[in-house]
Every structure is written in C-alpha cells, then in structure tokens.
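Asker: Fold the stuff below for me.
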Amino acid sequence: MENNKRRDRNLVLVVDDDVPVRESMSELLEAKGYSVLQADDGQKALDVLHNVSRLPCIVVLDLTMPIMDGQTFLMLRSFDPVLRNVPVVVISGNMQSEAALEGIEAYLRKPVKIDSLINIIGHC
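Answerer: The predicted model follows:
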C-alpha cells in the first residue's frame with residue numbers, strides 16, 4: 001500500500017455484519033454529507049482500506065462479526081504503518097471494557113446515537 005495516501009475528511013468506512021444496522025448507519029451519515037464505504041467483516045474492511053485511493057477519516061467498527069472480528073481488525077491495523085493512523089470508533093451491543101481496546105478513538109454502545117457519532121467524526 002502506498003504510504004502517501006491521505007485521509008478524506010468526508011469519507012467514513014462502516015464495518016458491521018448486520019446489514020440493516022450497516023445500511024441505516026450509512027444512510028444517516030450520507031444524509032449528514034459524508035461519503036460512506038461499507039464492509040461486512042474485518043477482512044473486507046482491510047481489503048477496502050488497501051484498495052482505496054484516499055483513506056476514510058474514520059472507521060466505524062462492530063466487534064462481533066464472522067470471518068474477522070473487530071478485535072482482530074484492530075490488531076492487524078496496529079501493525080500497518082498507514083492504517084494505524086486512521087481513527088476507529090468501536091460500536092457494540094455487548095458490554096466491553098474500553099480499556100481492553102487499544103488504539104480506538106471512542107466506544108459507543110448500540111443502538112448508536114447518530115449525533116454522538118457525528119460529533120466524534122467531526123473531531124477527526
């Protein structure tokens with residue numbers, strides 16, 4: 001991957017295996033003026049990130065997914081010198097210790113309040 005990829009402040013990657021959650025969150029973000037990429041597991045999210053010309057300003061990441069879960073995505077992201085600088089907001093319906101998740105911007109419980117998410121994205 002190119003090391004000179006820049007982050008696009010209007011681009012968000014939503015990663016969630018729950019199609020209705022992923023699509024409704026994407027639609028809400030698009031209504032707020034963001035362009036949205038989608039992936040249904042951590043492996044597909046890494047594939048998207050490796051193949052885009054501009055990186056998203058933030059990744060919105062579910063933790064519990066098949067194929068590659070959110071924690072594995074976070075671990076692999078931390079090894080990549082370009083991707084580890086892309087902020088991540090973890091969303092989950094399960095109780096999780098935020099301290100156990102290194103390198104994240106924020107942790108939001110499902111159902112996510114879109115205003116809380118927009119506020120976090122606006123600071124990235």
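Asker: Report the contact partners of the residue positioned nearest the centre of the chain.
Answerer: With distances taken as Cα atoms, centre = their mean, Val59 lies nearest the centre of the chain, 2.0 Å away. Counting by Cβ atoms under 8 Å, 6 or more residues apart in numbering, Val59 touches 12-13, 15, 45, 49, 86-89. For the C-beta atoms, the positions are set from N, CA and C on the backbone; glycine is no exception.
Asker: and if you look at Asn10?
Answerer: Per Cβ under 8 Å, 6+ apart, neighbours of Asn10: 33-35, 57.
Asker: cool, Leu63 as well?
Answerer: 69-71, 90-92, 94, 96.
Asker: Out of those residues, which is nearest to Val82?
Answerer: Closest to Val82 out of the contacts of Leu63 is Gly70 (19.2 Å), distances taken as Cβ to Cβ.
Asker: From Ala31, how far off is that closest one?
Answerer: 25 Å (Cβ to Cβ, to the nearest Å).
Asker: Over to Asn94?
Answerer: The value you get for Asn94 to Ala31, if Cβ to Cβ is used, is 27 Å.
Asker: just to revisit the earlier point, from the contacts of Asn10, pick the one nearest Lys110.
Answerer: Lowest distance from Lys110 to these (Cβ to Cβ) belongs to Tyr34, with 19.2 Å.
Asker: gap between the helix or strand that Asn119 is a member of and the chain center?
Answerer: According to DSSP states H and E, Asn119 maps onto helix 114-122. On the basis of Cα atoms, centre = their mean, to the nearest Å, helix 114-122 sits 13 Å off its chain's mean C-alpha point.
Asker: helices or strands up against the lowest-mean-pLDDT helix or strand in the chain?
Answerer: Across the helices and strands of the chain, mean confidence by mean pLDDT, DSSP states H and E is lowest for strand 106-109: a mean of 89. Applying 3 or more Cβ pairs under 8 Å, 6 or more residues apart in numbering; DSSP states H and E, we find strand 106-109 packed against strand 88-92, helix 114-122.
Asker: neighbouring contacts of the last one?
Answerer: In other words, helix 114-122. 12, 25, 28-29, 32, 34, 57-58, 60, 89, 105-106, 108.
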